[in-house]
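S.K.: Got a predicted structure plus its sequence, pasted below:
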Amino acid sequence: MSITLIVGDIHLGKSLSMGRPGIGSALNGRVIDQFQLLDWILEQAIQHHVTCLILTGDICEDIKPDYVLMSGFIQWLKRCETHSIDVHIIAGNHDIKRSGSHYISPLDVIQSAELPNTIIYKQIETIYNGTVGFTLLPFRDRMSLNSNSAFDALCRIKNILEYESSDIPNSYDKVLIGHMALEGSICVGDEFDDEANELMCPLNMFEGYSYVWMGHVHRPQIRSKAPHIAHIGSLDLSDFGETDHVKTLILFDSQSIGKFKEIKVPSRPLRLLRVTVSSQTDTTEMILEALSKLDKANSIKNSIIKIEVQLQGIDSVNSDRQQVQDAVYNKYGAHFLCSFTESRTAAVIPQEKRRDLDNTINPRTAVKMWAAEKFEEVEDQNVFIQMAFDTMTDSSEA
């Protein structure tokens, strides 16, 4: 059996602000979740008799990752080796840093660890697992290809892919796994480091392949069904804009009827609660009521939750934060309340008219200003102004 498991971008160390802070030597809660997902991936690989793992890249969030992250990842790779599972890592944009024409990568330390079962791909290559040819496409942008235009850069990649595809026997399944954006895909918003040089791959670029899965874009989405072209998405939920995402792995088995199936990733749920409170409402009670409705619609248990409260008017009273936090943890069993903010929208209060009457103002102008402030009726204002002007004239003649 030659079964392959395809895994989306891992992003170790991403969204630490959403995780329960580590105390002493303890890891941030988000990092713990990320390593637990890696353990779950290995369990799935063993359970489904997988011989080959393909990772779409972006192993770490930071181009200079913390030692703990790389050390933990290498230990995981060693466990894969123990179970005779080959790991193929496609270099993503978070895995490479360009200095002139030279590329450096934090993944280089993996190669120095001399893990015979782990291979990193910075160039386009095709590998085989049984009767399946997998072409692996690392991240490329216009500058990395020294092209004057995106069109020229995409043509260069397409020419290479045509060559790679033609070299795979026609009796084999032809699959492309990469780390680039598909044209028309919906992005979360933080995938692209340099939008001016980003390449959006047209779907006809992959005509030689029956199946295409890309990392890079975090939202899982199918762009074509025949041939099957899709973004596998990132491995885990890492932003409250992703609360509706369903993350999956792809299990590719050339001997199965459907060739592949999706395995749902057990991501820790993210719950976002937004509450608007009027000045006549008990803020705490309204938040607690909204929490109850949220829990009934989507369980808060074991989730990471974020609460945003909008107070309307200067008379709105802030919540009893301790009571809300007790409910979040003790009643609903949330894993972590990562953010609880209350902002206020104050009514616009008109500024009183200023009395700028002093001895620097022209007397006639001062009379008009005083009359406009003193009398509501225009007719009364005019009568007073005329009397004042007459008095001023008589006084000057005397």
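M.R.: All right, it came through fine. Note that the coordinates shown come from a computational prediction; the quantities given were computed from them, not determined experimentally.

S.K.: can you list contacts of stretch 317-325?
M.R.: Residues from elsewhere that reach stretch 317-325 (CB atoms under 8 Å, 6 or more residues apart in numbering): D282, T283, T284, I287, L288, L291, I307, V309, L311, L337, F340, E342. From N, CA and C alone the C-beta is placed, and that goes for glycine too.

S.K.: Just the residues you listed: which are in helices?
M.R.: T283, T284, I287, L288, L291 (DSSP state H).

S.K.: with the residues you listed in mind, which one is nearest to M200?
M.R.: L291 (41.1 Å; CB to CB).

S.K.: Can you tell me how far the closest one is from D173?
M.R.: Going from L291 to D173 by CB to CB, to the nearest Å gives 49 Å.

S.K.: quick one: which of these two has more around it?
M.R.: When L291 is set against D173 and neighbours are counted by other CB atoms under 10 Å, the residue ahead is L291, at 22 against 19.

S.K.: Pull the number of nearby residues for the nearest residue to the more buried one once chain neighbours are set aside.
M.R.: Nearest-residue entry for L291: A327, 6.0 Å, with adjacent residues in sequence omitted and distances by CB to CB, 6 or more residues apart in numbering. Neighbours of A327 under the rule other CB under 10 Å: 18.

S.K.: Can you report phi and psi for A327?
M.R.: Dihedral angles of A327 (phi, psi; degrees, to the nearest 10) stand at phi -70, psi -40.

S.K.: and if you look at H83?
M.R.: Backbone torsions for H83, taken as degrees, to the nearest 10, come to phi -100, psi 20.

S.K.: Could you report the neighbour count for it?
M.R.: Neighbour tally, H83, other CB under 10 Å: 12.

S.K.: what does H335 give?
M.R.: Residues lying near H335 (other CB under 10 Å) number 19.

S.K.: So it sits against G19, correct?
M.R.: No: counting by CB atoms under 8 Å, H335 does not reach G19; the two are 9.4 Å apart.

S.K.: Need the residues touching each of those two.
M.R.: Both H335 and G19 are in contact with G29, I304, where contact means CB under 8 Å, 6+ apart.

S.K.: Look at the closest residue to G19 other than its chain neighbours and tell me its secondary structure.
M.R.: Distances taken as CB to CB, 6+ apart place R30 nearest to G19, at 3.1 Å, with adjacent residues excluded. Per DSSP: H, G, I helix; E, B strand; the rest coil, the local secondary structure of R30 is helix.

S.K.: For R30, which residues are in contact?
M.R.: By CB under 8 Å, 6+ apart, the neighbours of R30 are G13, K14, S15, L16, M18, G19, S238.

S.K.: quick revisit: farthest pair in the contacts of stretch 317-325?
M.R.: D282 and L337 (20.3 Å).

S.K.: neighbour count winner among those two?
M.R.: When D282 and L337 are compared on other CB under 10 Å, the one with more neighbours turns out to be L337, at 18 against 13.

S.K.: how much space is there between the more buried one and Q322?
M.R.: 12 Å.

S.K.: Can you pull out the low-pLDDT segments for the stretch 101-250 of the chain?
M.R.: Across the stretch 101-250 of the chain, the ranges flagged by pLDDT under 70 are 101-102.

S.K.: how about stretch 80-92: buried residues?
M.R.: Neighbour-count burial for stretch 80-92, counted by 16 or more other CB atoms under 10 Å, picks out C80, I85, D86, V87, H88, I89, I90, A91, G92.

S.K.: just curious, which of the residues you listed is nearest to M205?
M.R.: I90 (16.8 Å).

S.K.: which residues touch the nearest residue to the closest one once chain neighbours are set aside?
M.R.: With CB to CB, 6+ apart as the criterion, I90 has its nearest non-adjacent residue at 4.6 Å, and that residue is G57. Each residue near G57 by CB under 8 Å, 6+ apart is listed here: 9, 89-95, 138-139, 179, 215-216.

S.K.: quick one on the thing from earlier: closest to M369 among the contacts of R30?
M.R.: M369 lies nearest to M18 out of these, by CB to CB, at 58.0 Å.

S.K.: Strands along the stretch 251-398 of the chain, start to end?
M.R.: Under the criterion DSSP state E, counting those that start in this stretch, strands of the stretch 251-398 of the chain are mapped to 260-264, 270-277, 304-312, 336-345.

S.K.: For the ones you listed, give me CSV that also has distance to G189 and mean pLDDT.
M.R.: Shown next, in CSV, are those (distance: least, CB to CB, whole Å; pLDDT from 0 to 100):
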stretch, distance to G189, mean pLDDT
strand 260-264, 24, 97
strand 270-277, 15, 96
strand 304-312, 17, 95
strand 336-345, 18, 92
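
S.K.: any idea how far R274 is from L237?
M.R.: Taken as CB to CB, the span from L237 to R274 is 18 Å.

S.K.: These two: which is more packed in?
M.R.: L237 (24 against 11).

S.K.: Just give the closest residue to that one, not the sequence neighbours.
M.R.: S267 (4.6 Å).

S.K.: And R268, by the same measure?
M.R.: In space, R268 is closest to D33, 5.4 Å off (CB to CB, 6+ apart).
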